[in-house]
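Visitor: My questions concern the predicted model and sequence given below.
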Amino acid sequence: MYQYALVGDVGGTNARLALCALDSGEISCNKNYAVSEYDSLETVIRLFLAEHPTFTIRQGCIAIACPITGDWVAMTNHSWAFSIAETRKNLDFERLDIINDFTAVSMAIPALTPHDVLQFGGGQAVAGKPVAVYGAGTGLGVAHVVQVNGQWISLPGEGGHVDFAPNSEEEVAILQILRAEFGHISAERILSGSGLVNLYRAIVQADSRTPEALSPKEISTRALENSCVDCRRALSLFCVLLGRFGGNLALTMGTFGGVYIAGGIVPRFLDFFLNSGFRAAFEDKGRFKDYLAAIPVYMITHPHPGLLGAGAWLRQASGYQL
């Protein structure tokens with residue numbers, strides 16, 4: 001038996017690699033790589049392993065931001081593409097699991113402590129009930145997880161690409177503007193880093209004005225400084241739409257085990273988020289308002305839930321109890 005395994009969390013911007021202690025699940029030796037600077041995942045893995053020559057690593061689990069439907073993996077928001085079997089062979093690994101990034105985040109749920117989350121309304125999570133996990137970053141990731149016979153089963157999908165459903169005249173106008181540019185408008189088109197930019201541009205264009213060429217960081221900074229009304233409107237609407245989307249996930253699976261928010265965007269404006277219309281929008285489901293009011297929402301504050309979940313996936317698959 002090996003003591004450590006390779007774990008990774010790969011998105012459209014960064015690849016995070018680390019070691020996972022198989023007996024405890026502890027994550028160590030974290031290292032971050034900018035994916036734009038390397039030609040393949042295998043290159044990054046080889047570099048990481050070369051930096052840790054004292055460890056014997058023959059198995060790994062990498063979470064990656066794209067659908068995993070077979071041996072061939074092609075990232076949604078980056079150019080990396082590869083065969084899992086060929087990569088495993090090239091690395092001389094006995095086992096290499098490639099899982100969806102939000103599969104990994106969902107598998108981190110049983111490993112989180114009360115210190116790793118912040119609760120936003122609702123009651124107590126009900127043990128044994130389904131859990132939903134979603135988060136906005138480069139894209140919009142979604143997964144559910146359920147516990148069956150002592151095993152945690154992740155239910156991955158591409159829920160971030162469902163249709164954007166407007167619920168006000170302002171949102172209808174935004175949909176019409178963005179549809180003229182993109183055609184189909186998914187939830188990810190508005191609930192992601194680029195989505196915040198899309199919201200800002202559409203808000204300004206709806207007033208027959210010309211938007212500035214702003215980055216997501218510039219929009220959120222101006223909103224927090226209260227120096228730009230349009231940016232503040234965009235960030236406020238982003239929070240509302242994030243709440244409404246989370247409420248949809250809760251309704252779909254009856255997630256009385258809780259709804260968890262991950263991803264890199266919301267923690268950057270946490271105080272603003274706390275005072276936004278997020279929770280009201282989460283519960284704004286007409287006759288099912290009371291149903292949603294009981295479901296807790298948590299912000300994951302653990303710095304690396306993807307790595308934690310990749311380790312949990314591999315450990316459970318290897319017979320360890322989570």
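Guide: Sure, I can see it. Numbering: from 1, shown residues only.

Visitor: Double-check Asp92 against Arg58; I have them as touching.
Guide: Yes. Under the criterion of CB atoms under 8 Å, Asp92 lies in contact with Arg58, with a separation of 7.3 Å. Bear in mind the C-beta positions are built from the backbone N, C-alpha and C, glycine included.

Visitor: Looking at these two, which has the bigger crowd around it?
Guide: A side-by-side neighbour count of Asp92 and Arg58, using other CB atoms under 10 Å, places Arg58 first with 14 against 8.

Visitor: can you give me the strands for the stretch 101-250 of the chain?
Guide: For the stretch 101-250 of the chain, the strands defined by DSSP state E, counting those that start in this stretch occupy 117-119, 131-136, 140-148, 151-156.

Visitor: just these: most buried one?
Guide: Scoring these by mean neighbour count under mean count of other CB atoms under 10 Å gives strand 131-136 as the most buried, with a mean of 27.

Visitor: So which elements touch that one?
Guide: Strand 131-136 is packed against helix 101-108, strand 140-148, helix 229-253, strand 259-262, with contacts defined by 3 or more CB pairs under 8 Å, 6 or more residues apart in numbering; DSSP states H and E.

Visitor: which residues touch that strand?
Guide: Defining contact as CB atoms under 8 Å, 6 or more residues apart in numbering, one finds that strand 131-136 is touched by 102, 105-106, 109, 125, 140-146, 159-160, 191-193, 195, 242, 245-246, 249-250, 252-253, 255, 257-266, 300.

Visitor: got the buried residues for stretch 248-266?
Guide: Within stretch 248-266, the residues that qualify as buried are 248-250, 253, 255-263, 265-266, counting by 16 or more other CB atoms under 10 Å.

Visitor: Just flag the most distant two among the residues you listed.
Guide: Taking CB to CB as the measure, these reach their widest spread between Phe256 and Ile265, a distance of 26.1 Å.

Visitor: related to what we said a few turns ago, mind checking which of the helices and strands packed on strand 131-136 is nearest Ile174?
Guide: Comparing the helices and strands packed on strand 131-136 against Ile174 with CB to CB, the closest turns out to be helix 229-253 (8.0 Å).

Visitor: want to throw the helices and strands packed on strand 131-136 into a markdown table with mean pLDDT?
Guide: What follows is the helices and strands packed on strand 131-136, written out as a markdown table (pLDDT from 0 to 100):
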| stretch | mean pLDDT |
| --- | --- |
| helix 101-108 | 92 |
| strand 140-148 | 92 |
| helix 229-253 | 97 |
| strand 259-262 | 96 |
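
Visitor: so can I have a markdown table of those showing distance to Leu22?
Guide: Formatted as a markdown table, the helices and strands packed on strand 131-136 follow (distance: least, CB to CB, whole Å):
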| stretch | distance to Leu22 |
| --- | --- |
| helix 101-108 | 15 |
| strand 140-148 | 21 |
| helix 229-253 | 31 |
| strand 259-262 | 24 |
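
Visitor: Relative to Leu19, which of these is closest?
Guide: Comparing those against Leu19 with CB to CB, the closest turns out to be helix 101-108 (15.5 Å).

Visitor: What helices and strands are in contact with that closest one?
Guide: strand 4-10, strand 59-64, strand 131-136, strand 140-148, strand 151-156, strand 259-262, helix 305-317.

Visitor: Those: which one's closest to Arg179?
Guide: Counting by CB to CB, Arg179 lies closest to strand 140-148 out of those; the figure is 17.8 Å.

Visitor: Could you figure out how far that closest one is turned away from strand 131-136?
Guide: Strand 140-148 and strand 131-136 are oriented at 170 degrees to each other (axes from the mean of the first three to the mean of the last three CA atoms, to 10 degrees).

Visitor: so what strands line up beside strand 140-148?
Guide: strand 131-136 (antiparallel), strand 151-156 (antiparallel) (DSSP bridges).

Visitor: now it and helix 101-108, what's the angle there?
Guide: Strand 140-148 and helix 101-108 meet at an angle of 40 degrees, taking the same axes, to 10 degrees as the criterion.

Visitor: Domain ranges for this protein, per the record?
Guide: As recorded under the TED database, the domains making up the chain are 4-99+304-318, 117-301.

Visitor: Which residue comes closest to Pro216 once chain neighbours are left out?
Guide: Beyond its immediate neighbours in the sequence, the residue positioned closest to Pro216 (CB to CB, 6 or more residues apart in numbering) is Gly193, lying 4.2 Å away.

Visitor: How many residues are close by that neighbour?
Guide: When neighbours are counted by other CB under 10 Å, Gly193 registers 21.

Visitor: Report the contact partners of it.
Guide: For Gly193, the contacting residues are 136-138, 216, 265, by CB under 8 Å, 6+ apart.

Visitor: Where does confidence bottom out across the residues you listed?
Guide: Comparing pLDDT over those, Thr138 scores lowest. The value there is 81.

Visitor: Would you confirm that it contacts Ala65?
Guide: Yes. Shown here, Thr138 and Ala65 form a contact pair, counting by CB under 8 Å, at 6.8 Å.

Visitor: Find residues that contact each of those two.
Guide: Common contact partners of Thr138 and Ala65 (CB under 8 Å, 6+ apart): 11-12, 77.
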